[in-house]
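Participant: Turn this into a model:
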Amino acid sequence: MKRSLRLCYSLILSIPLILLAPLREQQAHPQATPAVSASDELMHRATLLAQSLYSRPPAAREEGEYLALADVYARAIALDAAAATGDAALVARAEIFREMAQLFNKPRYFYAALDSYDSVLRRYPEGPFLVRALVGVARIHERDLHAPEAAEQAYLEIIQRFPQSVSAREAVACVARLRATAGERYPRDVAEAHSEEDAAGIATISQIRHFSGPDYARVVLDLSVGAAYERRVEGTTLVIKLASARLSPLVTPAQNLSASGGMLRHIRLSSRDGAVEIRIECSRLRDFAIFALDNPARLVADVRGAQPIAEEPPLVAEASSLPSSGATPGSLMRALGLKVKRVIIDPGHGGSDTGAIGRDGIYEKDVALDIALRLRAAIQRELKDVEVALTRDTDRFVPLEERTAIANARQADLFISIHLNSSPTPLASGVETYFLSLDATKEELDVATRENATTSRSAGELQGLLQRIVTDTRVAESRTFAQSIQSSLVTGLGRVSPTAGFNRGVKKAPFVVLLGANMPSVLTEVSFLSHPKDGEALRTVEFRQSIADSLCDGIKRYIENLKRPGIVAAE
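Facilitator: Predicted coordinates:
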């Protein structure tokens with residue numbers, strides 16, 4: 001029960017100031033510099049008012065100040081019916097009203113908050129703040145108005161409309177808790193038994209997520225706690241058995257996936273004698289890898305099929321087929337005469353996961369997306385024979401394990417994850433690029449911990465996992481790719497300023513977002529949001545474009561160097 005409560009509480013929304021998304025128009029049109037509209041000016045004014053309001057403790061805040069802030073958002077909403085800032089302002093206004101109701105003990109403001117959230121649902125049904133609004137509705141009904149049926153309805157809508165999201169995973173736990181505490185719908189003795197099962201380490205499978213391509217599939221089991229498992233292969237079916245587990249009532253026992261067009265055909269689940277068996281049926285099965293992740297608990301199965309006949313050889317060959325001569329680490333792809341046809345760009349964080357927050361409230365997720373969109377445009381311009389795609393092109397949350405799965409399913413040849421750095425030391429600056437490797441320093445593990453959103457212990461435990469699923473070949477290719485990216489960033493941003501181009505080096509760490517990638521893959525921290533000068537520069541179109549151009553140059557150099565001998569770049 002305590003775990004379910006913690007999951008529900010993790011849905012509590014942050015203050016309105018954190019909600020504001022700068023440069024949203026630039027993200028939609030990365031080559032344009034939009035004119036400042038009246039609604040933009042009002043949103044800026046709201047930011048200043050919020051900064052002043054939240055700089056003081058709650059006891060020192062006046063009701064009239066909240067109302068003034070809510071009024072500014074209302075005026076921005078009235079001016080902007082085209083959703084450039086309208087949905088953000090509505091959600092901000094709703095959160096202001098909810099805080100007022102709690103702070104000043106005036107329940108009428110809860111209903112004002114619900115009205116604003118309802119406007120988001122009606123006016124912006126496809127907008128980026130839809131999940132946030134649904135979560136807000138659920139939380140008010142559950143915690144403030146004590147209306148469990150209305151809360152459950154909102155949670156179920158999240159599960160139905162966004163089944164692959166982390167919010168849906170947490171909503172499943174909240175629904176289970178609501179039903180467990182409603183005696184007429186869910187017997188108390190059953191609820192107590194489930195609580196005892198969690199305490200005893202019996203895992204509940206709350207959701208199953210899957211991704212499938214022509215020759216690759218990833219299946220993710222979301223668990224309440226970690227669980228031991230056994231696995232076996234029956235023809236083209238991978239069977240996983242969890243010895244101490246149960247299925248959530250909301251999990252579908254069988255999923256027919258034959259219409260998806262990928263190699264994944266069915267996922268079937270059965271529960272008997274305190275164990276759960278998962279059968280992953282594929283059209284073909286060559287090999288597989290299974291690994292467990294923590295915080296939250298997940299079991300991930302990567303399945304690969306027999307390589308289809310193709311004009312080009314696979315980008316990452318099996319170790320047994322590598323040239324037996326002493327090839328240098330970076331020369332493997334050249335030795336095989338391979339080409340880069342598809343690049344996947346991964347803008348870090350997104351949706352409810354803001355990432356690092358800059359000195360003036362700027363979000364890492366927004367800057368990373370803007371740079372990624374610019375990088376896509378640059379690749380399309382400079383490398384016309386290379387296809388490019390993004391793991392997300394809007395402000396939405398994508399779980400870490402899904403990002404690599406997208407690249408694998410689309411048979412990408414290169415994968416680059418874009419992030420912004422942050423440090424408690426204000427003068428920390430520069431760029432650094434990471435690749436997945438078995439060993440890492442404490443500093444490198446600290447960065448991986450932040451980006452993985454795990455504890456230091458679980459980041460360290462990933463190193464043991466890597467020994468089972470990462471080959472020296474893949475590490476060497478990713479190191480070479482990282483060297484090319486880092487060299488281009490240092491050169492390109494060094495023209496902007498010494499701090500922006502400071503070379504922090506090519507490093508290695510166990511990033512979940514790179515785990516299981518079938519292609520050379522890197523994570524790059526392109527600048528420091530926490531640096532006074534560089535953080536301010538990150539608000540400008542010019543600096544973001546310089547970063548995107550430098551990344552494109554690094555990709556271009558890496559591809560060009562596949563055609564000739566020699567090391568791509570030096571650390």
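Participant: Give me the neighbour count for residue 58.
Facilitator: The burial count assigned to residue 58 is 10, neighbours taken as other Cβ atoms under 10 Å. The way it works is simple: take the backbone N, C-alpha and C, and place the C-beta from them, glycine included.
Participant: That one: what's it in contact with?
Facilitator: Each residue near residue 58 by Cβ atoms under 8 Å, 6 or more residues apart in numbering is listed here: residue 103.
Participant: so how far is residue 532 from it?
Facilitator: Taking Cβ to Cβ, to the nearest Å as the measure, residue 58 and residue 532 are separated by 29 Å.
Participant: before we move on, what about residue 361?
Facilitator: Computed as Cβ to Cβ, the residue 361 to residue 532 distance reads 15 Å.
Participant: same deal with residue 217?
Facilitator: Distance of residue 217 to residue 532, computed by Cβ to Cβ: 47 Å.
Participant: Give the residue from the two that has the larger number of neighbours.
Facilitator: More neighbours sit around residue 217 than around the other of residue 217 and residue 532, counting by other Cβ under 10 Å; the figures are 30 against 13.
Participant: Can you give me the pLDDT of the more buried one?
Facilitator: Residue 217 carries a pLDDT score of 89 in this model.
Participant: what about residue 43, how many residues close to it?
Facilitator: Using other Cβ under 10 Å, residue 43 has 25 neighbouring residues.
Participant: So it sits against residue 76, correct?
Facilitator: Yes. With contact defined as Cβ atoms under 8 Å, residue 43 reaches residue 76; the gap is 5.4 Å.
Participant: quick check: domain ranges of this protein?
Facilitator: Following automatic domain parsing, the chain resolves into domains at 2-190, 202-304, 335-561.
Participant: Please identify the deepest-packed of these.
Facilitator: Burial among those, expressed as mean neighbours by mean count of other Cβ atoms under 10 Å, is greatest for domain 335-561, which shows a mean of 21.
Participant: What mean pLDDT does that one get?
Facilitator: Domain 335-561 carries an average pLDDT of 83.
Participant: Not counting sequence-adjacent ones, nearest residue to residue 251?
Facilitator: Among residues not flanking residue 251 along the chain, residue 205 sits closest, at 5.8 Å (Cβ to Cβ, 6 or more residues apart in numbering).
Participant: To clarify, my last question referred to residue 525.
Facilitator: Nearest residue to residue 525 in three dimensions, chain neighbours excluded: residue 421, at 4.1 Å (Cβ to Cβ, 6+ apart).
Participant: how about that neighbour, phi and psi?
Facilitator: Main-chain torsions, residue 421, degrees, to the nearest 10: phi -90, psi 170.
Participant: Can you name the residues bridging to it?
Facilitator: Listed by DSSP bridges, the beta-bridge partners for residue 421 are residue 528.
Participant: Contacts only, for it.
Facilitator: Residue 421 makes contact with 356, 428, 432, 525, 526, 527, 528, 529, 530, according to Cβ under 8 Å, 6+ apart.
Participant: Just the closest of these to residue 560, please.
Facilitator: residue 526 (21.6 Å; Cβ to Cβ).
Participant: shouldn't that closest one be in contact with residue 547?
Facilitator: Yes. Counting by Cβ under 8 Å, residue 526 sits close enough to residue 547 to count as a contact (5.0 Å).
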